Structure formats: structure tokens, C-alpha cells
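Colleague: need the 3D shape of this:
(2 chains)
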Amino acid sequence: MKKILDLIAEQMRAAFESCRYAADYGKVTLSNRPDLCEYQCNGAMAAAKAYHKKPIDIANDVTAVLKNQAPDMFEAVEAVMPGFINLKLSGEYLAAYLDGMRVADKLGVEENGGGKTIIVDYGGANVAKPLHVGHLRTAIIGECIKRMGNYLGYHMIGDVHLGDWGLQMGLIIEELRDRKPELPYFDETFTGEYPQESPFTISELEQIYPAASARSKEDEAFKARAQEATFKLQNGYAPFRAIWRHIMNVSLADLKKNYGNLNVTFDLWKGESDAQPYIPGLIEDLQKKGLAYESEGALVVDIALPDDPKELPPCIIRKSDGAALYATSDLGTIIERERDYAPSEYIYITDKRQELHFIQVFRVAKKAGYVKPETKMTHMMCGTMNGKDGKPFKTRAGGVMRLENLIREIDEAVYNRIMENRTMDEEEAQKASQIIGLAALKYGDLSNQVSKDYVFDIDRFTSFEGNTGPYILYTIVRIKSILARYEEGLAAACAAGNASAAACAAGNAFAAAAQAQTQDAAVGADTSPAGNMRPAQSDEEKSLMLKLAAYNDVVETAFAEKAPHKLCQFIYELSDAFGSFYNTTMILKEEDEEKKAGYICLIRLVKDVLESCIHLLGFEAPERM
RNA sequence: GCGUCUGUAGCUCAGUGGAUAGAGCAGUGGCCUCCGGAGCCGCGUGCGGAGGUUCGAUUCCUCUCAGACGCACCA
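Modeller: Numbering: from 1, shown residues only, chains lettered A, B, ... in the order given. Just a heads-up that it's a prediction; the model follows:
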């Protein structure tokens, strides 16, 4: 469906043109004075200079034409000093637009992605190290970007891009040697098949790594052994490769579980190790192209561009000891991705501290021609998650908070809130706490601008009041409850025989449609015949309807600007508009059945839009809370 | 030193080249013969500072102050 702003702007542009002004002045925006109008055009003021006329005269010319040109579209078209053109949409037009949304695929959001492939690199977990709060933001934001892109018709490929090739592997191997020297991996004379069974469980692994890491800081000899082991692993030493595969298997299963708990999934579980085969060729190629040269013993590539304000440090491709590093492996990964997917855009989502690294990698990739000039390469820089003290979030003891523990704390906080106010059986309360807790966590994060640091406040995020995830869910649950009662009412009326046959049929069909609606509200369209949208009867209803009509625009903008917080802001405003409407309108008590059906139709669309949005954000609503 | 990001209400955050800069929390007052009151409706204070561009700047530009982060062999 066309966006409502575009539909209005089409009329506005035509009106400017028929008054012999350039159509470009007919830009229409949402009003920033809702007390005066719903939409506005400021083009008359911009045009005043070009045509040497008073803005208000231009505005008057245009409004006169517009009124005749689209009499059914507007309830009011006004020219106001100094030259604003203020618009109010007609109730009929708005209702018809919402009816269109209701039955449209994806509630009227157009798929303009054209199936273009976009690779989203997010997550960035390290194998054998537990996920901690530092991994939270990128995972949540990346998942949302991926979902929005898919919804808009892009082919999004999410890659977790694991840190699976570093020193931590050598540390684990050597620690394992000391703990279990009897294992065949450490017997140099062993010639048989290495066991399929892993020599450690995930909980052992989680114990081994921190121990080894701590030890390496004090024990130089141990650290040297670990470095040696890492080197051997990277050069294909079979026993260590076997251990590495065990580490990978055990750790990956655990990571999948933990990301799963966050409703975060990846299409690819690639890692730095996958880039290794490309590195020798990469280095050779960069040298052959004359881009890489030796500097202070290392191999580097200059990345300067003519209009740089200041010279940027070159990108190091190979250390003076001959080892590859971060940038090298990211470039190797790009080569593989170009070969396998040739995406039209890359989106990397990481902590903002890596900005320089990505500037370097992007420039080398473009300069060497690994990535086409027109391919977009975007680095979404995330701010850090701080505690209430404004410093990076830590546990009470001052350590790094594990993600699992953070989630547990949130779920507990939500559980306590539920139990304060509701009686709910234990099992349902636990389940609801997890669903609501995830919403609290994700909404708390996503409602902030990506690039900014933000304060993580458990009490605020898990509050059921104000601009929070739980409040959004609460709105959805209330609507569900009303819809369920409406269905019951129809069924009861039918059974009692005091309703028309048509109403009964409508009721049954409505119930069937409700039943058929899938969990994935993001694609559901309302095909129930339970009445159509009706023109708004009150200011509250009109505001709600106007807000709904902005849905497709909001989703498009949120993705284009890579700004999930705009989606959050939208659903908060929509929930708020629903709250006002609900408070002033008796829905189920309405005696006029057609009117009532219209209300139901409206709130059902509100629910569908809200559910669709939270699905894009990456969480779901419970049935009750 | 250089660079990037960020300074908006007591706190946490939105926002725009245009009319009176918005929410939530906290504080305070009101609304239930009513569909979930975990709701709704009121009430106060603010664009770090100084210049410039513009008919109009919180928004764009320059300078300045403050904070966070980054500046070649970690990832």
C-alpha cells in the first residue's frame, strides 16, 4: 500500500503544479501541532522567495485548488499565517485506508527490498567463553535489523561470526593437558582415531577457560605454551584440531541455547577460522596489487583518501612475527562472502570502539576491489550499556555480568511484579515472566538510539508502567481480552437465539478467523467479516486511527535509518492512543451492533500492528499477564 | 596532541530548518453503576556556551567547554 503521507503529497504536488509552482514544494509531513491539524505542508514559505510572492498568497492559491481537486480526502484544508497549509483527513478516507491495511499483505507494508541480499554480522560471541552483557546489544539490535529487512523483502543473512581462532584455544588446550595428561591428544605416539566423545562438558569448559586465562597472566611459561599450542592449532596439528572441534561442538550447542533464549537466531555460524584458507591468497594479492608494503616489520595497507582531514593509521595485514590478525581475518571473510553471496550491502554491528577497525577494513576491501564500489558497507556502532552510576555495567562484585545471570535477574524481577498484583498459577507465572522479561530487556535496549550509551536499570525496564516493554505487552493482552469477550458475547447471543442469523454467521466466521491466525502476526491479514472500519466518532478514535495509518511509513523509516528505537516509539504512541480511546469509549457496551463491530475491527488492527511490531523487535506477547 | 561519538526537565530518554521543543519516572491533584485501575486525565522546570548562515536554528557551519571512546602489530 502507498503510504498515507505519499497519497496526500501526491495531491499537494498536483495542487502546487496547477498553480504553476514547482511540485517539489508539495512536501507533506505529520503535523507538529496536533491541536491545529493532522498533516501539514510548509512548501509555501519555501516557495515564497523563488516566486517573489507572500507565502500566505501561495498557500491560499494552493488550498483553493486542493479543495476542489480532492474533495473526499480532506475534512479541512486551511492556509494559515505566515504560510502553513494545514490539513485534516476526512474520517471516511481514513477508515477506508485502514480497511485496506486490514486485508493487505503485511498490513500494508510494501516489500521494496527486491530480494537484495544483505549480510548482517552481529553477535560476535567467543567460543569457549560465556556470553556476557557486552554481547547483548549487538545481538538484540542485529536480530531486529535482520527481521525488519526480511519483512521489507530483503534477503537478510545473519552471521554470528564467532571468535573461534584466538589464544583462548591454546589456553584451553594447555590447561586440558595439565588436567588430563592421559588423553590421547597429548600422546605424540598415538596413531589411532581420536574419540568422538568430547573430553569435557560445557560446564567443565566454562571452568577451564577462566582458570587458564587467569593462570596465563601470572605464569609466563604457561602463556608461552598456550601461544605455542595456538600456533600449532592454526597450522593444522591434528591432535589439537581434534580438541578444537570438541571445543567448537560443545560451545556452539551452548551458544545456540543462550541466543535462543534471547530469541536471536543466525543463518550462518561462521567464525574467524573459516577465513583462514583465504588469508595467504589475500596477502599475496594485496602485495601483487602494490597495496601492501612493509613498515616497521609488519605488512600494512594505506587507507588514506584524498579528502581525509587527517591521515588515518594504515591497516595492518600481517604482524612482524608473520601472524595474521583481526583485519586480515575480516578481509578473508569478505572474500568468502563475496564468493558465496555477493551481497548488495554489509552491515556490521559491534561496539563503537571498533570504528577505526571497520574504516580500515572497508577501505582495504574497496581499494583492492574485493567489494564492488556500489556495495554499501555499514558499521552500526553501538553505545555501551552502563549501570546506574553511568559506568559500564558490572555485577555487584564488580565483575563482568554473565548474560544468563542478567536474564535470570530480569525474569525474577518480573515474576515478583506479577505475583504482587495477580494470582496466577506457578507454572504460568514462570512462563509469563520469561516472555515479559525478554520484552523488558529488549525494549529497554532497543528504545534507545543505537549509537548512544544507555543506562541499564532493571527496575525501570521491568516496570509495567510508562514507556516499557511490559506496558506494550499489557496493551496487547488487554485487547486480546476484549476480543475474546466479544466472541463469547456473539456465541452466547446466537445460542440464545436473540441475534440475527447474519450476526451469528459473522460471529462464527470471526471466531474461526481468530483461531486461524498464526503465531506469526507479522504476516497475518484480517480476513474476518466482523464489520468494517467506520469513520472516527471522537478525537481519541481519530488519533488512534491516524497513528495506525503511519505503520508502513514507520517500518520503512526504521529500517532505512537502521533505527529500531523509532519502532519502539511508534508502538508506545500507538499503545498510548489506544489507552485514551479505550478510556473514553465503551466498546463492548455499545448497543449499536454495527458500531460495536467497527470498534472491534479497529482494536483488532491495533493488536495486529502491535504484535507485528514486537515481532520485528524480537519478542512476543503472552496470553495473560 | 589528533580523531570519533555524546551534551535537551531533578532522573532516564525522544524530537524537528518552521507555529507553543515532547514522553516516561519521580512529585502532586483528579477519574470507577464501565470491556484488565498494571489504566486514563491534569499540574512544573529545559535545548552546555559563544559566534555565523537563514525570513526563521535546539536542528546546518565554525569555535569553545564537559564526558565517553579510539589512535599500527589484541579482538
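Colleague: in chain A, what residue is nearest RNA strand B?
Modeller: A:G466 (2.2 Å; C-beta to the nearest atom of the strand). Bear in mind the C-beta positions are built from the backbone N, C-alpha and C, glycine included.
Colleague: show me the contacts for that residue.
Modeller: A:R460 (C-beta atoms under 8 Å, 6 or more residues apart in numbering).
Colleague: report pLDDT for the residue of chain A most remote from its centre.
Modeller: In chain A, the greatest distance from the average C-alpha position (C-alpha atoms, centre = their mean) is reached by A:T189, at 52.1 Å. Looking at A:T189, its pLDDT stands at 93.
Colleague: likewise for A:M1?
Modeller: Per-residue pLDDT puts A:M1 at 94.
Colleague: tally of neighbours for it?
Modeller: 18 (other C-beta atoms under 10 Å).
Colleague: what pairs with the residue lying closest to A:L286 once chain neighbours are set aside across the strands?
Modeller: Nearest residue to A:L286, sequence neighbours excluded (C-beta to C-beta, 6 or more residues apart in numbering): A:A292, at 3.9 Å. Beta-bridge partners recorded for A:A292 (DSSP bridges): A:V301.
Colleague: burial count for A:A292?
Modeller: Based on other C-beta under 10 Å, the number of other residues close to A:A292 is 25.
Colleague: distance check, it against A:I359.
Modeller: 17 Å (C-beta to C-beta, to the nearest Å).
Colleague: now do stretch A:458-474: distance from first to last residue.
Modeller: Taking C-alpha to C-alpha, to the nearest Å, stretch A:458-474 runs 18 Å from one end to the other.
Colleague: would you map the strands across the stretch 251-400 of chain A?
Modeller: Using DSSP state E, counting those that start in this stretch, the strands of the stretch 251-400 of chain A run over A:292-295, A:298-301, A:315-318, A:345-351, A:376-382, A:385-386.
Colleague: can you spell out which helices and strands pack onto the second one?
Modeller: Read it as strand A:298-301. helix A:279-288, strand A:292-295, strand A:315-318 (3 or more C-beta pairs under 8 Å, 6 or more residues apart in numbering; DSSP states H and E).
Colleague: residues making contact with the longest one?
Modeller: When you say that, I think you mean helix A:279-288. A:292, A:299, A:301, A:317-318, A:324, A:328-329, A:331-332, A:335, A:364, A:368.
Colleague: any buried residues in it, and which?
Modeller: Residues A:I279, A:L282, A:I283, A:D285, A:L286, A:Q287 are the ones in helix A:279-288 that count as buried (16 or more other C-beta atoms under 10 Å).
Colleague: closest to A:I247 among those residues?
Modeller: Distance to A:I247, by C-beta to C-beta, is smallest for A:I279 among these, at 21.3 Å.
Colleague: buried sites along stretch A:554-567?
Modeller: For stretch A:554-567, using 16+ other C-beta under 10 Å, the buried residues are A:V554, A:V555, A:E556, A:A558, A:F559, A:K562, A:A563, A:P564, A:H565, A:K566, A:L567.
Colleague: which residues touch the fifth one?
Modeller: Shown here is A:F559, whose contacts under the criterion C-beta under 8 Å, 6+ apart are A:I145, A:M148, A:G149, A:L152.
Colleague: do the same with the third one
Modeller: Contacts of A:E556 were listed using C-beta under 8 Å, 6+ apart, and they are A:K3, A:V109, A:E110, A:N112, A:L152.
Colleague: gap between the last one and A:E110?
Modeller: Yep, that's A:L152 we're talking about. In terms of C-beta to C-beta, A:L152 sits 8 Å off from A:E110.
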